[in-house]
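Student: need a structure here:
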Amino acid sequence: MNSANKIEIAQDGSISDFSKTFTINNEDHTLANALRYMIMKNPNVVFCGYTIPHPSEAKVNFKIQTDQSITALEVLEKGLLDLQEVCKHVLTTFDNAVQDYQPMQV
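Tutor: The predicted model follows:
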């Protein structure tokens with residue numbers, strides 16, 4: 001699967017830009033729960049939840065509803081960027097701790 005199909009806007013019947021369902025392909029609870037947490041921290045989000053249609057399917061259906069001050073797509077993009085920043089921070093913190101620990105092992 002190419003990256004162009006990683007995230008799709010699901011056809012759930014909603015015509016509003018403020019309430020959308022996105023399908024994230026080739027992912028599971030690992031990304032979905034962390035992303036849901038980051039999105040729910042946004043004060044403009046009214047609802048955010050996800051489902052995995054079936055355990056044998058590697059896809060997540062992600063529903064986002066906002067207070068209409070920002071679109072659901074903008075919220076998803078911000079959530080992904082925020083999660084990426086948190087991951088970078090965790091990696092940097094871990095790398096620094098390893099560097100601090102290694103001289104003590106000599």
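
Student: Can you pull out the residues in contact with stretch 35-45?
Tutor: Around stretch 35-45, the neighbours that count as contacts under C-beta atoms under 8 Å, 6 or more residues apart in numbering are 48-50, 62, 64-67, 69-70, 75-76, 78-80, 82-83, 86. Using the backbone N, CA and C atoms, a C-beta is placed for each residue, glycine as well.

Student: Which ChimeraX command selects the buried ones in these?
Tutor: In ChimeraX syntax, the buried subset of the contacts of stretch 35-45 is picked out as below (16 or more other C-beta atoms under 10 Å):
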select :48,50,62,64,65,66,75,76,78,79,80,82,83
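
Student: Let's see which of the contacts of stretch 35-45 end up in strands.
Tutor: 48-50, 62, 64-66 (DSSP state E).

Student: Let me know the closest of the residues you listed to residue 19.
Tutor: Nearest to residue 19 among the ones in strands among the contacts of stretch 35-45: residue 65, at 4.3 Å, using C-beta to C-beta.

Student: Could you verify my assumption that the closest one touches residue 71?
Tutor: No. The pair residue 65 and residue 71 fails to qualify as a contact (C-beta atoms under 8 Å) at a distance of 10.8 Å.

Student: In this protein, which residue is most central in space?
Tutor: In the chain, the C-alpha nearest the mean C-alpha coordinate belongs to residue 35, at 2.9 Å (C-alpha atoms, centre = their mean).

Student: That one: helix or strand, and which one exactly?
Tutor: helix 29-40 (DSSP states H and E).

Student: Low-confidence bits of this structure, can you list those?
Tutor: 1-4, 106 (pLDDT under 70).

Student: Can you find which helix in it contains the most residues?
Tutor: Longest helix in the chain, counting residues (DSSP state H): helix 72-101.

Student: the inter-axis angle of that one versus helix 29-40?
Tutor: Here helix 72-101 runs at an angle of 110 degrees relative to helix 29-40 (axes from the mean of the first three to the mean of the last three C-alpha atoms, to 10 degrees).

Student: Return the list of helices and strands in contact with helix 72-101.
Tutor: strand 19-25, helix 29-40, strand 59-66 (3 or more C-beta pairs under 8 Å, 6 or more residues apart in numbering; DSSP states H and E).
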